[in-house]
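**Student:** Quick one, fold the following:
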Amino acid sequence: MKLLSNSRGVSLIAAIFIIVIVAFMGVMFVSLINTGSLTAANDAQSAQALYVAEGGREYILQNNGYPNYSTGGVATNLGSGSFTVNTPTYLTAALTNSVLIVTVSSTTGFPAAGRIVIDAEQINYTGTTATTFTGCTRAQGGTTAAAHASGNAVYPATTVTVNVLAGDTTITVGSTTGFLVPGVITIEKELIYCTSSTATTFTGCTRNYEGTVAATHAVTVTVFQYTITAVGTVGNSTRTVESVLGGPIAFDFTPAAATAQTAVSSINWSHTISGSNRILIVGVSIRSSATQTYTVNSITYGAQSFSKPPNPIVTVTNINNVHVEQWYLINPAIGTATVTVSLSGTAPSIVGSSVSLTGVNQVTPIDASNTATGTSTKPTVAVTTMSNGAWVLDTIAHNLSAAAAPTRTVGASQTSRWSAFDATASPTTTGIGGAGSTEGPQIPAGAVTMGWTLSNSQPWAQGAVALKPALFIVQWQEVFP
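**Tutor:** I've put the predicted structure just below:
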């Protein structure tokens, strides 16, 4: 009996031990489930935060205009979280065109002295405080001093200090501070990817990047980098994405001289294309007869045809036999080819030329357009741009007078791209003058007047088109905590 009693005691202790172990295992199992659930929830929130950050980046590119891709530190709700998008810094006080102290959210990451770019203006500075650039010299790099609104983006810039050849893989500049490296930099119309840097050089550089053509760059030319940082937050999770954007619209090429011919049904000339996000604009000025208005039937660039529609983007006729058309081709082939313009008949006189630009929106390139006609010495046409950073390109046609050799002066804010007169037959009855110019970038968006001055009053027709910029992502990386 005593042995049985001892056996029962041992069994009871074993049972209690087993119960304790099972209970402990149960607690651990529940704890593991809870931990696993919490980890899974955190992983899900982290993934969502990355999607929110990427969504914020796409949102700002679609809804803000060049170059102000920033929410100014203000969070925007998206899905189950929110995002902020910021440029390296941004203005916290508006600037007039003469202010010499630039007040920003922070100067962290910028060199002690250097160059910044705000909208289309480049500004040199000699010192900084925590929130100001001081000792500023406005309107650098051939830009114009302008007013800038509070909240507008401020980007670092620098200048080339040793001439850059097309094959160079090291680029010497004033300072690399504030630039994201490895990263893409913009010099004129060339994008260059560099893997490393020193205080004053970008090294390990890849030329011909993103379809741009390696070129020479002279001392004092400005080097840009447009970066945005998107931060997504969902619950307790935060993810950050840094992106480098391709450069804004830049002039690419125009033929050395406009083509002017008498009594022809087609004209042609050679054009060279380079760069990325390209567009080719052709301007045609036609002198018609008293009974027949001649128009453009088709335009080709090498093997590529300009589609119709949407071309012509601009067409306008003055009742005094003067006609203008503008056509465009998106993504023309890189290289040199012949532009051929074919007319609806044999026109008394015609002038034609072309301009190519880079950094243009490839889906909706046309921002706005307008036409005008009249008889005067002051042809003008106004275009109201919708996008910050748009470029405007105009084409003009006007009759000629036999009284004096014709002259024509482009508007002060415009750059003449081509100009020709065809007076080989009879200036008063068949002669035509044609020209084209550009103005840009237009910041902020708004009305742009393209004007010319003629040596004597003549019937004229003028068309203008605004091109929408397409800053595009050329590099992005996730920034881990």
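
**Student:** where exactly do the strands run in the stretch 151-300 of the chain?
**Tutor:** Per DSSP state E, counting those that start in this stretch, the stretch 151-300 of the chain has strands spanning 153-159, 171-172, 183-187, 190-197, 201-206, 222-224, 226-234, 237-245, 250-253, 259-273, 279-287, 296-301. These are given in chain order.

**Student:** ok, the closest residue to Asp119 other than its chain neighbours - how many residues close by?
**Tutor:** Nearest residue to Asp119 in three dimensions, chain neighbours excluded: Ile443, at 4.2 Å (C-beta to C-beta, 6 or more residues apart in numbering). Bear in mind the C-beta positions are built from the backbone N, C-alpha and C, glycine included. One way to gauge burial is a neighbour count; for Ile443, by other C-beta atoms under 10 Å, it gives 23.

**Student:** Quick check: phi and psi at Ile443.
**Tutor:** In this entry, Ile443 is assigned phi and psi values of phi -140, psi 130 (degrees, to the nearest 10).

**Student:** That one against Ala149, yeah?
**Tutor:** No: with the criterion set as C-beta atoms under 8 Å, Ile443 and Ala149 do not qualify as a contacting pair; they are 10.2 Å apart.

**Student:** Now do the residue nearest to Asp119, the pLDDT please.
**Tutor:** At Ile443 the predicted local confidence, pLDDT, stands at 83.

**Student:** Out of the strands of the stretch 151-300 of the chain, which gets nearest to Ser46?
**Tutor:** Closest approach to Ser46 among the strands of the stretch 151-300 of the chain is made by strand 237-245 (4.3 Å; C-beta to C-beta).

**Student:** packing partners for the closest one?
**Tutor:** helix 2-63, strand 226-234, strand 473-479 (3 or more C-beta pairs under 8 Å, 6 or more residues apart in numbering; DSSP states H and E).

**Student:** so what strands line up beside the last one?
**Tutor:** With DSSP bridges as the test, strand 473-479 is paired with strand 237-245 (antiparallel).

**Student:** contact partners of the strand it pairs with?
**Tutor:** Where contact means C-beta atoms under 8 Å, 6 or more residues apart in numbering, the residues beyond strand 237-245 that reach it are 42, 45-46, 48-50, 52-54, 57, 69, 180, 183-184, 225-232, 471-479, 481.

**Student:** Going along the chain, name the strands of the stretch 301-450 of the chain.
**Tutor:** If DSSP E, counting those that start in this stretch is used as the criterion, the strands of the stretch 301-450 of the chain fall at 304-305, 314-318, 322-330, 335-358, 366-376, 380-384, 390-399, 408-410, 415-422, 432-442, 447-454.

**Student:** Would you reformat those strands as TSV and include distance to Thr108?
**Tutor:** Shown next, in TSV, are the strands of the stretch 301-450 of the chain (distance: least, C-beta to C-beta, whole Å):
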stretch	distance to Thr108
strand 304-305	48
strand 314-318	47
strand 322-330	40
strand 335-358	32
strand 366-376	35
strand 380-384	38
strand 390-399	32
strand 408-410	44
strand 415-422	37
strand 432-442	28
strand 447-454	36
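
**Student:** Tell me which of these lies nearest to Thr103.
**Tutor:** Closest among the strands of the stretch 301-450 of the chain, once you apply C-beta to C-beta, is strand 432-442, at 23.7 Å.
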